[in-house]
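>>> fold the following.
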Amino acid sequence: MQYSKRQHICALIPTYNNAGTILDVVHRTHKYQTDIIVVNDGCTDDTLALLGTLDFPITIVSFDRNKGKGRALAAGFRKAIEMGFDYALTIDADGQHYPEDIPVMLRALDVNPGRVILVGSRQFTDDNMPGKSKFANKFSNFWFRLQTTINLPDTQTGMRVYRLDCLYGLNILTSRYEAELELLVFAAWRNVQLIPVPIRVYYPPQEERVSHFRPIRDFTRISILNCFLCLGALLFGYVNMYWRTVCSFGWFGLTMLLIFTPFSLLYFLIRGNTPQTRARYHELMQPVAKHYCFMLGGMYYKIDNPHHIQIADHPSVITCNHQSLLDIMICLSLSPRFVVMVKDYIWFNPVFHTVAKKLDCFPLSLEGEAKEALMRRVTEEGYSIFVFPEGTRTATGEIGRFHRGAAYYAELFKLPIQPIIMEGLCDYMNRRQFAIKPNNVVAHILPEIPYGDLSFGRCYKRQTKSLELYYDAYLHSNRIEKTFQSTTMENLTQAAELAEQGYSVTVFGQIPDEDVFVELAMRITRHGGRILWA
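Numbering: from 1, shown residues only. Got it, this is the predicted structure:
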């Protein structure tokens, strides 16, 4: 079994009559990426002869006649797959892009491995972008947003990193510039994550530009194509993007309304509203939450609890970063012994209100002595208090500013703080998207912070800031790349487990041709890890 070469990435440069810039682009690209594929799209100038003067090897794919950028890209992708690469970094041959931005794209790939396409986002200024290019970009962005519901700042850029097994529709790509838009649309319909990465752009003076764009003919082609893509979005794209979401949340809403709400009312009507009844009800709801976590389509859920901590086995303040609507459901699956502060729109929702009230949840709008009295009552009954210190969901996965409520309640009731860190939920479903994107989700259970631990500060205000920094440091340290210098069974097993937890993993060495080693290698690469050898 053969694995790809340096970082699993090759550079792909399609060219048509760019003799004035091709050598400069290839030389500058070679400084950062030694594996280069150049697609000669039927050049009629000196491009092919110039490429023959290079003093380092490159791979050349040639057409007898010009077939267009779409066909050139498709041929280059097929060649990259044939050579065993996992990713292809595309860059235009006209000198518009800076090859010096390649490390920026590679760093973004290290942070965002997996099913992704990185889309260079050109940083335009009024004096460096021609008016027709500005219009074409806005025109393309509008149609892309209409066809995918995704807002990208630059859908016309030629500098991208494609994961090759996430390319769809290569056989039906149109032949010219619009093919790059098609690749993004087809990928979005298959729930491939599209990530913009800021890059520089250079537009030479008008007299030095080499452009094969035919305004009237090409705009007509693009307009017709967009009409077909909009039809495709209605018939296939939207359905494929949202069916997981509709099925998952449709099932959740129906069962909550038709089963658990009537069950809750009947349960307390028969057994009465006593502390023992409420405790038993909490225990019954935990397996229900687990069911929903594992039922959600595309979520590969794992609990990281190396210290074997029993969540909420004694009263504490449980804190968790807020990435998605699903945070509460996952945390409810960890323990039955805590209550949650919920936002008013959940508390007053007719579907969720009955269950939330019976689970001793209380609304954030509850203030002052009433809130403190309720908290004191539930802690005296042996429950923990669950708090999202950020107060609102993040849209980027980064840790937001912590509010002081969690540390204040811990100090007020003399309780320890139990931190939980969610990772991956933001990419699965965040506040900016309705569609579910398949992703690994890990709940990290961190060691408890005892009441009175002065290492986090002497007052709850200082403890709040320390807790925010603690979360931020842990979340970023967990993304640091782990490197293994040999392919022993122990190393591969550990690398596979770390890759599944979201670490960036690299293993150096040749994989033995045995089923168990090959299976471990596939687990590593499936979750974005890399296996390299010279």
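>>> only C-alpha atoms from now on, for both contacts and neighbour counts.
Noted.
>>> secondary structure class for the residue nearest in space to the middle of the chain?
For the chain, the residue sitting closest to the mean C-alpha position, by CA atoms, centre = their mean, is Asp427 at 3.7 Å. For Asp427, the secondary-structure state derived from DSSP: H, G, I helix; E, B strand; the rest coil is helix.
>>> just Leu334 next, same as before
coil.
>>> what do you get for Arg458?
coil.
>>> what count of nearby residues applies to the closest residue in space to it that isn't next to it in sequence?
Spatial nearest neighbour of Arg458, chain neighbours left out: Gly452 (7.8 Å); criterion: CA to CA, 6 or more residues apart in numbering. For Gly452, the neighbour count with other CA atoms under 10 Å is 15.
>>> so how far is Lys67 from Gly452?
Separation of Gly452 from Lys67 (CA to CA, to the nearest Å): 72 Å.
>>> helix, strand, or coil at the closest residue to Arg401 other than its chain neighbours?
Nearest non-adjacent residue to Arg401, counting by CA to CA, 6+ apart: Glu390, 5.7 Å away. Here Glu390 is coil, with the state taken from three-state DSSP.
>>> mind checking how far the helix or strand harbouring Glu182 is from the chain centre?
Assigned by DSSP states H and E, Glu182 belongs to helix 179-189. Put simply, helix 179-189 sits 17 Å off its chain's centre (CA atoms, centre = their mean, to the nearest Å).
>>> again with stretch 92-100
27 Å.
>>> low-confidence ranges, this protein, go.
Counting by pLDDT under 70, the chain shows low-confidence ranges at 1-7, 124-133, 204-218, 297, 432-434, 476-481, 485, 501-504, 526-528, 532-534.
>>> what's the domain layout of it?
Domain segmentation of the chain under automatic domain parsing yields 6-213, 242-477, 482-532.
>>> and the closest residue to Tyr202 other than its chain neighbours, how many neighbours?
Sequence neighbours aside, Gln96 is the residue nearest to Tyr202 in space, at 4.8 Å (criterion: CA to CA, 6+ apart). Look at Gln96: counted by other CA under 10 Å, it has 19 neighbours.
>>> would you agree Gln96 is in contact with Gly158?
No: using CA atoms under 8 Å, Gln96 makes no contact with Gly158, being 9.1 Å away.
>>> ok, now which ones touch Ala11?
Applying CA atoms under 8 Å, 6 or more residues apart in numbering, we find Ala11 in contact with 29, 33, 35-37, 88-91.
>>> distance of it from Arg160?
10 Å.
>>> which neighbours do those two share?
89-91.
>>> with those residues in mind, which one is nearest to Thr506?
Using CA to CA, Leu89 comes nearest to Thr506 of these, at 19.3 Å.
>>> ok, the closest one touching Met159?
Yes: the criterion here is CA under 8 Å, and Leu89 meets it with Met159 at 7.0 Å.
>>> in stretch 399-415, what counts as buried?
Within stretch 399-415, the residues scored as buried using 16 or more other CA atoms under 10 Å are 399-400, 402-411, 413-415.
>>> first-to-last residue distance for that stretch?
First residue to last in stretch 399-415 (CA to CA) measures 24 Å.
>>> dig out what the nearest residue to Gly529 once chain neighbours are set aside forms beta bridges with.
Distances taken as CA to CA, 6+ apart put Val505 closest to Gly529, at 4.8 Å, once the chain neighbours are dropped. With DSSP bridges as the criterion, Val505 is bridged to Lys482.
>>> correct me if wrong: Val505 contacts Thr493.
No: the criterion here is CA under 8 Å, and Val505 misses it with Thr493 at 11.7 Å.
>>> who's more crowded, the two?
A direct count of neighbours by other CA under 10 Å for Val505 and Thr493 places Val505 higher, at 27 against 18.
>>> what's the neighbour count on Gln286?
Residues near Gln286, counting by other CA under 10 Å: 19.
>>> any idea how far it is from Phe362?
Relative to Phe362, and taking CA to CA, Gln286 is found at 18 Å.
>>> and which of the contacts of Ala11 is nearest Phe63?
Nearest member of the contacts of Ala11 to Phe63, counting by CA to CA, is Ile37, at 13.7 Å.
>>> ok, now which ones touch that closest one?
So Ile37 contacts 10-13, 58-61, 76, 80 (CA under 8 Å, 6+ apart).
>>> now swap in His282 and tell me
Counting by CA under 8 Å, 6+ apart, the residues that His282 touches are 336-337, 359.
>>> same check, this time on Ile117
Neighbours of Ile117 in contact, by CA under 8 Å, 6+ apart: 160-163, 192-195.
>>> which strand residues bridge it?
Beta-bridge partners, per DSSP bridges, of Ile117: Tyr162, Leu194.
>>> one step back: in strands only, show me the shared contacts of Ala11 and Arg160.
89-90 (DSSP state E).
>>> surely Met299 meets Asp427?
No: proximity of Met299 to Asp427 does not meet the contact threshold set by CA under 8 Å, at 10.3 Å.
>>> quick one: common contacting residues for those two?
By CA under 8 Å, 6+ apart, the residues touching both Met299 and Asp427 are Asn439.
>>> what's the farthest-apart pair in the contacts of Ile37?
Going by CA to CA, the pair spanning the contacts of Ile37 furthest: Cys10 and Val61, at 13.9 Å.
>>> so the two - more neighbours on which side?
Shown here are Cys10 and Val61; by other CA under 10 Å, Cys10 has more neighbours (25 against 14).
>>> the nearest residue to Asp344 once chain neighbours are set aside: how many residues sit nearby?
In this structure, Asp344 finds its nearest non-sequential neighbour in Pro363, 5.5 Å apart by CA to CA, 6+ apart. Neighbours of Pro363 under the rule other CA under 10 Å: 18.
>>> for Gly42, what are its contacts?
Per CA under 8 Å, 6+ apart, neighbours of Gly42: 16, 62-67.
>>> meant to ask about Ile9, not that
35, 85-89.
>>> residue boundaries of the helices in the stretch 301-450 of the chain?
Under the criterion DSSP state H, counting those that start in this stretch, the stretch 301-450 of the chain contains helices at 327-332, 344-347, 353-358, 368-380, 405-412, 425-428.
>>> of these, which is nearest Val239?
helix 425-428 (17.4 Å).
>>> pull out the buried residues from stretch 346-358.
For stretch 346-358, by 16+ other CA under 10 Å, it's 347, 351-356, 358.
>>> just give me the closest of those residues to Ile224.
Closest to Ile224, out of all of the buried residues of stretch 346-358 and judged by CA to CA, is Val351, at 44.8 Å.
>>> nearest residue to the closest one in space, please, no chain neighbours.
According to CA to CA, 6+ apart, the nearest residue to Val351 is Leu257 (5.6 Å).
>>> quick one on the thing from earlier: the residue nearest to Arg401 contacts Phe402, correct?
Yes: at 4.6 Å, Glu390 counts as touching Phe402 under the criterion of CA under 8 Å.
>>> on that earlier part again, contacts only, for the residue nearest to Gly529.
Counted by CA under 8 Å, 6+ apart, Val505 has contacts 481-483, 495, 498-499, 524, 528-530.
>>> for Thr174, same thing?
Contacts of Thr174 (CA under 8 Å, 6+ apart): 70-71.
>>> where's it relative to Ile222, distance?
10 Å.
>>> cool, and His353?
For His353, the distance to Ile222 - CA to CA - is 50 Å.
>>> next one: Leu266
60 Å.
>>> more neighbours: those two, which one.
For Leu266 versus Ile222, neighbours defined as other CA under 10 Å are more numerous around Ile222 (19 against 12).
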